[in-house]
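Student: Only the shape, not the letters, is given here:
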């Protein structure tokens with residue numbers, strides 16, 4: 001201020017305007033604007049200075065406030081997390097903050113040479129143009145669009161534009177890449193959830209806190225028949241939905257859930273479909289509550305278990321039928337898990353072993369206690385044998401007689417392996433064969449009695465044959481011999497007869513009678529031999545077989561050769577007779593059925609047995625002929641072998657003959 005006055009006093013006649021701070025009498029600071037001018041006298045010397053002073057305190061304060069506000073604005077703009085720029089109404093950039101430079105990759109100087117249009121993509125310029133009219137009208141305009149960075153990449157942004165009082169347009173640009181990605185992720189998750197809900201076997205139903213339908217999935221429409229628009233906003237009591245008999249329990253479950261005491265596990269009930277059909281459903285409900293614990297909504301996942309219920313009912317009925325069938329047939333079933341040694345018994349198994357159902361299926365060791373004491377050790381050894389890798393497919397045992405009448409059980413086993421091929425499980429059946437065993441014992445006793453009777457009949461028959469043969473040989477043979485002697489005597493007397501014609505007639509008759517007598521004697525001897533060949537009793541088995549072979553060859557013209565290295569055979573009379581009769585029957589079969597031309601016979605000893613082998617070269621007996629019960633010859637052979645404790649094997653080869661091999665203990 002002083003300098004300015006001195007300048008004026010030095011002769012400077014220009015008008016001077018200065019502003020400076022001044023104090024009032026009270027000491028307050030004020031801002032004044034001084035308009036000074038110098039008045040000169042006639043000698044052109046400064047006479048005095050005239051000052052006009054204008055109080056500009058308020059203006060100065062306003063200017064300071066504006067400066068501070070602009071500084072603060074620039075600071076805020078520069079430090080803002082979002083990009084901010086200001087453009088004129090032609091889109092030229094006036095102001096750009098650092099964030100805008102970072103986002104788009106341009107420097108401030110580069111922005112000075114750009115227009116807003118340079119940052120927009122052509123598609124947005126057409127579909128989402130800048131709303132200049134709305135901005136000029138003073139509206140705050142928000143848009144989402146794409147901006148192109150300096151490197152050519154695109155960036156999704158949200159813009160908020162507002163015209164300022166100075167006519168420029170300020171725009172706040174927010175990078176929404178992460179939000180867009182989150183929205184995309186959320187959308188994709190929603191689409192996945194929607195896909196899974198629509199393709200899940202579970203029905204999804206959402207209820208509000210008042211149990212009114214808020215959401216009704218397509219699967220719910222398919223299962224129950226009602227469209228979403230038919231049920232949304234309704235309480236289940238407003239349409240026929242829950243089966244009447246299940247309503248009280250469903251209400252109880254829902255009350256517990258709504259009041260915070262609901263069990264997490266699901267429950268099952270019956271529901272109606274739109275057409276009135278009944279479906280069985282399992283409901284899994286969850287409650288959503290706010291921070292205060294107040295119920296906001298319920299979510300129900302519903303599984304249609306109608307088919308499973310039908311299958312369970314069919315299984316239950318099948319199980320009941322199985323138990324009935326097992327009870328009728330006295331056939332039980334059981335399972336054993338070797339890893340846990342846990343067993344499962346059907347109801348009939350308890351009945352067979354007289355075990356109380358309330359005790360449950362027994363352990364392995366408890367089962368052994370149910371077995372007859374005399375069979376128990378064998379049962380334990382069988383189980384141990386299985387555990388050591390052995391296999392048994394059927395076991396018979398008796399039940400403990402102290403638990404009731406004795407029963408004979410036959411169990412059949414089936415083995416199941418795990419994925420590694422190791423034995424893991426045994427299943428089986430147990431059949432009460434008590435009555436069958438009794439019947440078998442009765443049949444066995446009857447067979448033994450029948451065999452004894454047959455053996456006795458064979459002995460009696462052989463004895464009777466021997467007696468008859470002896471009587472025929474002794475009595476009838478002697479009588480016929482006497483008759484022949486009488487005929488010889490008579491023939492001598494006839495020769496001395498004088499009547500020639502009569503003599504010739506009598507001689508012819510006596511000769512004829514003698515021939516008939518010889519024939520009868522031969523027949524009697526043959527019959528006696530057939531009944532009981534004397535060679536068998538007098539010379540033994542080997543001689544009898546040789547004689548029979550020669551006789552067979554002579555009678556049938558079938559070559560029969562017997563070969564043996566034995567000198568004698570140590571068989572008892574019953575065995576000797578049996579082997580001889582078997583040989584006779586075998587040769588008879590050859591003559592009748594084989595169409596053979598030769599028979600080879602071999603007699604030997606092997607392992608304490610007499611072995612008789614007969615081979616022919618005939619047509620060969622068939623398997624059906626061997627097993628047929630109508631072949632009396634083979635039945636007779638088998639019966640005779642059985643009576644002496646032997647074995648017989650019959651084999652036939654088509655076109656190559658038949659072999660009969662008999663073994664009789666010596």
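Tutor: Done, it's in. These numbers were taken from a predicted model, which means no experiment stands behind them.
Student: so which strand or helix has the nearest residue to residue 606 once chain neighbours are set aside?
Tutor: Leaving aside its chain neighbours, residue 606 sits nearest to residue 663 (7.4 Å; criterion: Cβ to Cβ, 6 or more residues apart in numbering). In this view, the C-beta of every residue, glycine as well, is placed from N, C-alpha and C. In this structure, residue 663 sits in strand 657-665 according to DSSP states H and E.
Student: For that strand, give the mean pLDDT please.
Tutor: Mean per-residue pLDDT for strand 657-665: 91.
Student: counting contacts, what elements does that strand pack onto?
Tutor: helix 573-589, strand 609-616, helix 632-643, strand 647-653 (3 or more Cβ pairs under 8 Å, 6 or more residues apart in numbering; DSSP states H and E).
Student: swap the cut-off to 7 Å and go again
Tutor: Where contact means 3 or more Cβ pairs under 7 Å, 6 or more residues apart in numbering; DSSP states H and E, strand 657-665 is packed against helix 573-589, strand 609-616, strand 647-653.
Student: Just the element for residue 324, please.
Tutor: Secondary structure from DSSP H and E places residue 324 in helix 306-329.
Student: now what about that helix, what contacts it?
Tutor: With Cβ atoms under 7 Å, 6 or more residues apart in numbering as the contact definition, helix 306-329 has outside contacts at 279, 280, 332, 333, 346, 347, 348.
Student: buried ones in that helix?
Tutor: 309, 322, 323, 326 (16 or more other Cβ atoms under 10 Å).
Student: Turn those into JSON lines, columns for pLDDT and distance to residue 175.
Tutor: Supplementary listing: the buried residues of helix 306-329 in JSON lines, determined by pLDDT from 0 to 100; distance: Cβ to Cβ, whole Å:
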{"residue": "309", "pLDDT": "92", "distance to residue 175": "57"}
{"residue": "322", "pLDDT": "82", "distance to residue 175": "72"}
{"residue": "323", "pLDDT": "83", "distance to residue 175": "75"}
{"residue": "326", "pLDDT": "79", "distance to residue 175": "78"}
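Student: Switch the residues you listed over to JSON lines; also include distance to residue 146.
Tutor: Output for the buried residues of helix 306-329, formatted as JSON lines (distance: Cβ to Cβ, whole Å):
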{"residue": "309", "distance to residue 146": "57"}
{"residue": "322", "distance to residue 146": "73"}
{"residue": "323", "distance to residue 146": "75"}
{"residue": "326", "distance to residue 146": "78"}
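Student: Just the buried residues of the contacts of helix 306-329.
Tutor: 279, 280, 332, 333, 346, 347, 348.
Student: now, which of the residues you listed sits nearest residue 370?
Tutor: Ranked by distance to residue 370 (Cβ to Cβ), the buried ones among the contacts of helix 306-329 are led by residue 332 at 12.1 Å.
Student: separation between that closest one and residue 342?
Tutor: Using Cβ to Cβ, to the nearest Å, residue 332 is found at 17 Å from residue 342.
Student: before we move on, back to that, for the helices and strands packed on strand 657-665, which one sits closest to residue 147?
Tutor: strand 647-653 (102.6 Å).
Student: Report the strands that pair with the closest one, each with its relative direction.
Tutor: Strand 647-653 sits in its sheet next to strand 657-665 (antiparallel), going by DSSP bridges.
Student: Look up which residues are beta-bridged to the residue nearest to residue 620 when sequence neighbours are not counted.
Tutor: With Cβ to Cβ, 6+ apart as the criterion, residue 620 has its nearest non-adjacent residue at 4.1 Å, and that residue is residue 652. Beta-bridge pairing of residue 652 under DSSP bridges involves residue 658.
Student: Give me the neighbour count for residue 53.
Tutor: By the criterion of other Cβ atoms under 10 Å, residue 53 has 12 neighbours.
Student: what's near enough to touch it?
Tutor: Counted by Cβ under 7 Å, 6+ apart, residue 53 has contacts 32, 34.
Student: how about it, secondary structure?
Tutor: Secondary structure, DSSP: H, G, I helix; E, B strand; the rest coil: residue 53 is strand.
Student: That one pairs with what?
Tutor: For residue 53, the beta-bridge partners are residue 34 (DSSP bridges).
Student: Can you tell me how far it is from residue 61?
Tutor: 17 Å.
Student: same check, this time on residue 568
Tutor: Distance from residue 568 to residue 61, by Cβ to Cβ: 160 Å.
Student: cool, residue 506 as well?
Tutor: As judged by Cβ to Cβ, residue 506 and residue 61 stand 199 Å apart.
Student: and residue 383, what helix or strand is that in?
Tutor: Counting by DSSP H and E, residue 383 is part of helix 373-387.
Student: what's the spacing between that helix and its chain's center?
Tutor: 33 Å (Cα atoms, centre = their mean, to the nearest Å).
Student: swap in stretch 248-255?
Tutor: So, by Cα atoms, centre = their mean, the centroid of stretch 248-255 is 37 Å from its chain's centroid.
Student: Show me which parts of it are buried, residue by residue.
Tutor: For stretch 248-255, by 16+ other Cβ under 10 Å, it's 250, 253, 254.
Student: Check stretch 43-63 too.
Tutor: Applying 16+ other Cβ under 10 Å to stretch 43-63 flags residue 60 as buried.
Student: what's the first-to-last distance across it?
Tutor: For stretch 43-63, the first-to-last residue distance is 44 Å (Cα to Cα, to the nearest Å).
Student: Following element in sequence after the helix holding residue 383, please.
Tutor: Downstream of helix 373-387 (by DSSP H and E), the next one is strand 394-398.
Student: rewinding a little: tell me how many other residues crowd the residue nearest to residue 620.
Tutor: 20.
Student: Also residue 646?
Tutor: Neighbours of residue 646 using other Cβ under 10 Å come to 21.
Student: same thing with the one 10 residues further on?
Tutor: By the other Cβ under 10 Å criterion, the neighbourhood of residue 656 contains 13 residues.
Student: Helix, strand, or coil at the closest residue to it other than its chain neighbours?
Tutor: The shortest distance from residue 656 to any non-neighbouring residue, by Cβ to Cβ, 6+ apart, is to residue 620 (5.7 Å). Following three-state DSSP, residue 620 is assigned to coil.
Student: what's the spacing between residue 620 and residue 651?
Tutor: Taken as Cβ to Cβ, the span from residue 620 to residue 651 is 9 Å.
Student: ok, these two, which is more surrounded?
Tutor: residue 620 (19 against 14).
Student: Tell me which two of the buried residues of helix 306-329 sit farthest apart.
Tutor: Pairwise across the buried residues of helix 306-329, and taking Cβ to Cβ, the largest span is found between 309 and 326, at 25.2 Å.
Student: now do the same end-to-end measure for stretch 555-572.
Tutor: 30 Å.
Student: in that stretch, what's buried?
Tutor: Those would be 556, 558, 560, 562, 569, 571, for stretch 555-572 by 16+ other Cβ under 10 Å.
Student: I would like the residues contacting it, please.
Tutor: 540-542, 545-546, 549, 552-553, 579, 590-591, 596-605, 610, 664, 666.
Student: List buried residues within the residues you listed.
Tutor: Applying 16+ other Cβ under 10 Å to these flags 541-542, 545-546, 549, 552-553, 579, 590-591, 596, 599-601, 603, 610, 664 as buried.
Student: Mark which of these are part of strands, please.
Tutor: Among the buried ones among the contacts of stretch 555-572, DSSP state E puts 599, 600, 601, 603, 610, 664 in strands.
Student: and those as JSON lines, adding distance to residue 259?
Tutor: Formatted as JSON lines, those follow (distance: Cβ to Cβ, whole Å):
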{"residue": "599", "distance to residue 259": "104"}
{"residue": "600", "distance to residue 259": "103"}
{"residue": "601", "distance to residue 259": "104"}
{"residue": "603", "distance to residue 259": "103"}
{"residue": "610", "distance to residue 259": "98"}
{"residue": "664", "distance to residue 259": "95"}
